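**Student:** Here's a sequence, model it:
(one chain, ligands or ions: 2)
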Amino acid sequence: MVKNICCIGAGYVGGPTMSIIAQKNPDINVYVVDKNEKRIDEWNSSNLPIFEPGLDKVVNESRGRNLFFSTDVDKYITLSEMIFIAVNTPTKTEGEGKGYAADLTNLESCAKHIAMISEKDKIIVEKSTVPVKTSEKIREILNKYAKDGINFQILSNPEFLAEGTAMRDLEIPDRVIIGGEQSEKGKIATDLLVNIYSSWVPKENILTTNLWSSELSKLTANAFLAQRISSINSLSELCEETGADIDEVAKAIGMDSRIGNKFLKTSVAFGGSCFQKDILNLVYIAKSLGLKKVAEYWNQVIIINKHQRSRFAKKIIKTIDENQLNKKVSLLGWAFKKDTNDSRESASIYIAAELLSKGIEINVYDPKVELKQIRKDLKYIKISDEKLSLINYSENHYDVFEDSNVIAILTEWDEFVNYDWKTIYSKGFKKKYIFDGRNILDPIKLKEIGFIVDSIGKRA
Ligand code: UDX
Ligand code: ADP
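**Tutor:** Numbering: from 1, shown residues only. Ligands and ions are numbered 1, 2, ... in the order given. All right, here's what the predicted structure looks like:
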C-alpha cells in the first residue's frame, strides 16, 4: 500500500492532479513540492497560482488534511514511497535539437536528486510529457546515482487534462494510461498506481501498457488533436475565398460518426504549452530516426498554425493601411483559451508581435491574464522595450476600446459574447471593425449595429 505520495512540480499539471488524487484517496498523504517559493505560498493561500474552474473547492477540501504544499523537496521525497515528476519540459532553446526537442534538464535533475537522497526503494512516476524512451534515460540516471541496494521502478502516467476543464477531465477521465516495465516488479508497481486511480476511475478505463506505448500515446494524442485544428484552420482560408461558412462545414463533417464533432472549432491558431511542443518533439524523434517524410508530415501542422495567426494579423494590418485608420487595435483576450490564466504559446503573443512590428499600438484586456505576464510573454520572443511601450493594458473592458477603430477577439471568453456591443459601438468612431478570431459573435447582428465584421472562415 502506498501511504505517502510526493509530486515534484506544483504547476498546471501537478497542482490539479494531486488535488484530485488527495480528494479521492483521503487515506494517502499527498505532498506537492516545488522549488518556487512564491508558487507554494500561493497554493497555501486563498489566491491559488492557477485559475482553473472548480480547483479551489477541491483544494479546500483536502489541504491541511492529506494534501500539503511545500518547498521542502528533500523531506517529502525521503518520506514518500511514490514520487510523481510533473516539472516543465519546454522546447529546447539551445544545443542539440534546438527549437524541436524537449528540454529534459528539470526532469533529469529531479531524477538525479531523488537517487542521491533516497534511502529506500521508490516508484517514480513520469507525469511530465516526455519523448519516447525518456524513461530509459531516467532509469540510467537513477541507477547511476542510487545508493547501494536501493531499487527504483519507473512508471509512465501521462496527463490528458485540458486547461479550463481540468477538474472535469480529472474527475471523469476518458482513460488513464499507466505504462510500466514488463516484469514482476514492474507489475507490482503498476498495480499500486492502478489502485490509487481506481478510487474513482472505473477499472475498464485504466489502461496498462508497456512504458514506450504510454510515452508515445501522450505525444500522439496531442499531435492528432492539433492536426484536427490545423486541418479545420486550413479550410477556414478556403471558406473565406469561396464563400463557404467554416462553422457549417465543421458541423456537416462532424456529424459523420467516423469523424466526430469535437475539436473542429476554427480559431486564430492553437496555443498552450503542449500542442506545439509535442509535435516539435515528434518531428524531432522522426528526424532522428531518419523518417524524413513522417517528420515533414507532422511539421506541416505547425506550419499551418503559424500561417493562421500570421494571416489574421496581416488582415488587420491591411485594413488599417487601406482605410487609413489610426494605428491602434483593441485586443480582447490574451489567454490561449478561455477559463485559464495560462498564456503559454497563445496566438495573442504572435499576433501582437506582428502588429507591434508595424508600429501599431495595442490595448489589451483579458479577464485573467495580468500585464506582467503579457510583457513577459512578449519579452520571451524578444520584442524590444521600445515596441513594448506600444502595449496598453486595460483593467476592464471599457477602457480597452478607447481611441481604437479595430477590435480583435483572440480568446473565446464568455464575457465577450455577453457584451453590450450596441453601447460599445455608440461610444466609438464612425467606422468600427471587428476581427472575430474565434467566431463567437453573430456577424449579422453586429453588422446591423454598424460594425464591419471579419469572422475567421467566413467571407467578410
Ligand atoms: C491539450 C490536450 O487537449 C490535453 O489532453 C493535454 O493533456 C494537454 O494539451 P490544452 O492545451 O490545455 O490541452 O487545451 P485544449 O483544449 O486542447 O486546447 C488547445 C488549443 O487548441 C487552444 O488554443 C484552443 O483554443 C485550441 N482549439 C481547441 C481550437 O482552436 N479549436 C478546437 O476545436 C479546440
Ligand atoms: P506544467 O504545465 O507542466 O505543470 P508548469 O511550468 O506550470 O508546467 O509547472 C512546473 C513546475 O515545476 C514549476 O512550478 C517549476 O518551478 C517546477 N520545477 C521545475 N523543476 C523543478 C525541480 N528541479 N524541483 C522542484 N520543482 C521544479
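**Student:** Residues of the stretch 301-450 of the chain that sit close to ligand 1?
**Tutor:** Contact residues (CB under 6 Å from any ligand atom) of the stretch 301-450 of the chain with ligand 1: 336-337. (Glycine included, C-beta is placed from N, CA and C.)
**Student:** low-scoring stretches of the stretch 301-450 of the chain, by residue?
**Tutor:** Flagging of the stretch 301-450 of the chain using pLDDT under 70 yields the residue ranges 428-430.
**Student:** and whichever strand or helix holds residue 225 with ligand 2, contact?
**Tutor:** Taking DSSP states H and E as the definition, one finds residue 225 inside helix 211-242. No - using CB under 6 Å from any ligand atom, helix 211-242 stays clear of ligand 2, with a minimum separation of 11.9 Å.
**Student:** Output the set of residues of the stretch 251-400 of the chain in proximity to ligand 2.
**Tutor:** Counting by CB under 6 Å from any ligand atom, the stretch 251-400 of the chain sits next to ligand 2 at residue 273.
**Student:** Could you tell me the end-to-end distance of stretch 367-383?
**Tutor:** 23 Å (CA to CA, to the nearest Å).
**Student:** contacting residues around that stretch?
**Tutor:** 51, 334-335, 340-341, 343, 346, 349-350, 352-353, 356, 364, 366, 387-388, 391, 393, 413, 415 (CB atoms under 8 Å, 6 or more residues apart in numbering).
**Student:** Selection in PyMOL covering whichever of those are buried, please.
**Tutor:** The PyMOL command for the buried members of those (criterion: 16 or more other CB atoms under 10 Å) is given here:
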select buried, resi 51+334+335+340+341+343+346+349+350+352+353+356+364+366+387+391+393+413
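**Student:** residues of the helix holding residue 225 that come out buried?
**Tutor:** 211, 214-223, 225-230, 232-237, 239-240.
**Student:** List the buried residues for the next helix or strand along the chain from that helix?
**Tutor:** Moving toward the C-terminus from helix 211-242, the next helix or strand (DSSP H and E) is helix 246-254. Neighbour counts over helix 246-254 (16+ other CB under 10 Å) mark 246-247, 249-250, 253-254 as buried.
**Student:** does helix 246-254 come close to ligand 1?
**Tutor:** No - for helix 246-254, no contact with ligand 1 is found by CB under 6 Å from any ligand atom; the gap never falls below 8.4 Å.
**Student:** What helices and strands are in contact with that helix?
**Tutor:** helix 211-242 (3 or more CB pairs under 8 Å, 6 or more residues apart in numbering; DSSP states H and E).
**Student:** Check which helices and strands the helix it packs on sits against.
**Tutor:** Where contact means 3+ CB pairs under 8 Å, 6+ apart, helix 211-242 is packed against helix 134-145, strand 152-156, strand 176-180, helix 246-254, helix 275-288, helix 292-322.
**Student:** Turn the ones you listed into TSV, columns for distance to residue 382.
**Tutor:** Below are the helices and strands packed on helix 211-242 laid out as TSV (distance: least, CB to CB, whole Å):
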stretch	distance to residue 382
helix 134-145	29
strand 152-156	35
strand 176-180	37
helix 246-254	33
helix 275-288	17
helix 292-322	16
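**Student:** Which of those sits closest to residue 87?
**Tutor:** With CB to CB as the criterion, residue 87 lies closest to helix 134-145 of these, at 12.0 Å.
**Student:** buried ones in that closest one?
**Tutor:** Going by 16+ other CB under 10 Å, helix 134-145 has these buried residues: 134-135, 138-139, 141-142, 145.
**Student:** Stretch 420-439 too?
**Tutor:** Within stretch 420-439, the residues scored as buried using 16+ other CB under 10 Å are 421, 424-425, 428, 432-439.
**Student:** quick one: which of the residues you listed is nearest residue 169?
**Tutor:** Of the buried residues of stretch 420-439, the one sitting nearest to residue 169 (CB to CB) turns out to be residue 438, at 21.1 Å.
**Student:** Give the burial count for the nearest residue to that closest one once chain neighbours are set aside, as a bare number.
**Tutor:** Once flanking residues are discounted, residue 438 sits nearest to residue 412: 4.2 Å by CB to CB, 6 or more residues apart in numbering. Around residue 412 there are 22 other residues, counting by other CB atoms under 10 Å.
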